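Asks: Output the structure for:
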Amino acid sequence: MIIHSDGNGDGQGHISVYLAIVGPSSLHVDWEVNASFRFLIFDQIHDNYTVMKGMERRFRNIKTEWGYSKCISHETFKDPSNGYLVNDECIFGVDVYVIKNQRIGECFSLNDADPYKHEWKIAEFTKLTNKVYSEEFTVKGKLLLYPAGDSWQNGQNISIFLESVDAAGFNRDSGANWFSAAAPSWGWQSFMPCYEFNDPKKGFLIQEYCIVQADVSVVDIMHIR
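Replies: Alright, predicted model coming up:
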């Protein structure tokens, strides 16, 4: 794990966290490791780990490090009620699962495909108490939104995910996440603080309506045989 306490790159105001893999030192040796991983932070008050962010990535000799420049904001990290920083001490963790490819596939590239934009208008937002799905759109996907966050957020953040409808039939790489039968949805558990979303000065929620837009680029598809 690599942690930048003051943020890295565009991570100003956040803690940046990355996972780096140690592979052969020679750049002439081709290797790759597919791994699913998620970054955790320990809540010292309630004695449990909170998942900050997770992803599935392919590590290669030319790309040995993946992570988030904005993994957790300083505001959230330093909030005493969250229990992440106690007596100037904190605990970070990472769960890593190496994915072994034992199936034969057929892959073609769509790197030049234009991103598809899908706009989702949500009515009566404040009346929503559970997760809500958008309609299915062109790239065989739909959006999943938790207005008060998923089970890890305790009502603090809005959670939003992109879910592949037909991932059981093939693997698909959309944006920077690999969708498969084992991992049909990817997104952000702490997409936006609820207090920020509900701030009338921000203009995100107007007369009980909000609009969510997803820009989706499918870069690879692997059909499973």
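Asks: how many other residues sit next to residue 32?
Replies: By other Cβ atoms under 10 Å, 13 other residues sit near residue 32. C-betas here are computed from N, CA, C, even on glycine.
Asks: Wasn't residue 196 part of a helix?
Replies: Yes. The assignment for residue 196 (DSSP: H, G, I helix; E, B strand; the rest coil) places it in a helix.
Asks: so it makes contact with residue 203?
Replies: No. If you go by Cβ atoms under 8 Å, residue 196 and residue 203 don't touch, sitting 11.3 Å apart.
Asks: Disregarding residues adjacent in the polypeptide, which is nearest to residue 132?
Replies: Sequence neighbours aside, residue 145 is the residue nearest to residue 132 in space, at 5.5 Å (criterion: Cβ to Cβ, 6 or more residues apart in numbering).
Asks: about what we covered before: more neighbours, residue 196 and residue 203?
Replies: Comparing residue 196 with residue 203 by other Cβ under 10 Å, the one with more neighbours is residue 196, at 12 against 8.
Asks: Three-state assignment for the closest residue to the more buried one other than its chain neighbours, please.
Replies: Leaving out its chain neighbours, the residue that sits closest to residue 196 by Cβ to Cβ, 6+ apart is residue 202, at 6.3 Å. Put simply, residue 202 is coil when judged by three-state DSSP.
Asks: Run a quick neighbour tally on residue 202.
Replies: 11.
Asks: How about residue 79?
Replies: Neighbours around residue 79, by other Cβ under 10 Å: 13.
Asks: Okay, helices next: where are they in the protein?
Replies: 74-78, 194-197 (DSSP state H).
Asks: Any stretches of this structure with poor pLDDT?
Replies: 23-29, 101-115, 139, 152, 165-185, 218-225 (pLDDT under 70).
Asks: Quickly list the domain ranges of the chain.
Replies: As assigned by automatic domain parsing, the chain contains the domains 2-102, 106-224.
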